[in-house]
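Visitor: show me how the following folds:
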Amino acid sequence: MDRAREGDWVEVEVKLLDPADRSTNLPPETAEKPLMMWVKGFAEGEAAAAEYSPGAATRLGLPGIPEAAETVALARDLAEKSREALHLGKRLFWDTAGMTYAQALSFGRSLRVNYMLSEDLREGTTAFLEKRKPNW
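Guide: This next block holds a predicted model:
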């Protein structure tokens, strides 16, 4: 084990999900690999005295990194969502960053119209009414 000191640049690799735990909606070449997260940053606070090894991001106490269990739960939750809906949400978040409120509202409405015409919305609504998980 190595010791990080406050101000040290650290790079940590964390396995979030084993291949068997990943979504079934992934391409085969992606599904056969574990879901990994890489964290880079400067060690701060208590992390300065912490021992660390690859896979121990939560022990480094880097700001903005949730506990491993929370990260895995979030990854699993996102894996069950519609890829199209996640893509549109990310696009809305990033593309509206420099827009005025009126521009962002107009842009958001156009994305919503596109999603309302999508197969994913039909599948999600049908799955909800049939009380089953959607098959994205």
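Visitor: how far away is Ala102 from Leu88?
Guide: Using Cβ to Cβ, to the nearest Å, Ala102 is found at 20 Å from Leu88. Where C-beta positions appear, they are placed from N, C-alpha and C, glycine not excepted.
Visitor: show me which of those two is the more surrounded one.
Guide: Leu88 (18 against 8; other Cβ atoms under 10 Å).
Visitor: pretty sure that one contacts Asn114?
Guide: Yes. Counting by Cβ atoms under 8 Å, Leu88 touches Asn114, with 7.3 Å between them.
Visitor: now the strands: where do they sit in the protein?
Guide: For the chain, strands defined by DSSP state E occupy the ranges 2-3, 9-17, 35-42, 51-52.
Visitor: go through those strands and name the closest to Arg109.
Guide: With Cβ to Cβ, the closest approach to Arg109 among the strands of the chain belongs to strand 35-42: 33.6 Å.
Visitor: mind giving me the packing neighbours of that closest one?
Guide: When contacts are defined as 3 or more Cβ pairs under 8 Å, 6 or more residues apart in numbering; DSSP states H and E, strand 35-42 sits against strand 9-17, helix 57-60.
Visitor: tell me which of the strands of the chain lies nearest to Thr96.
Guide: Nearest of these (Cβ to Cβ): strand 35-42, 26.2 Å.
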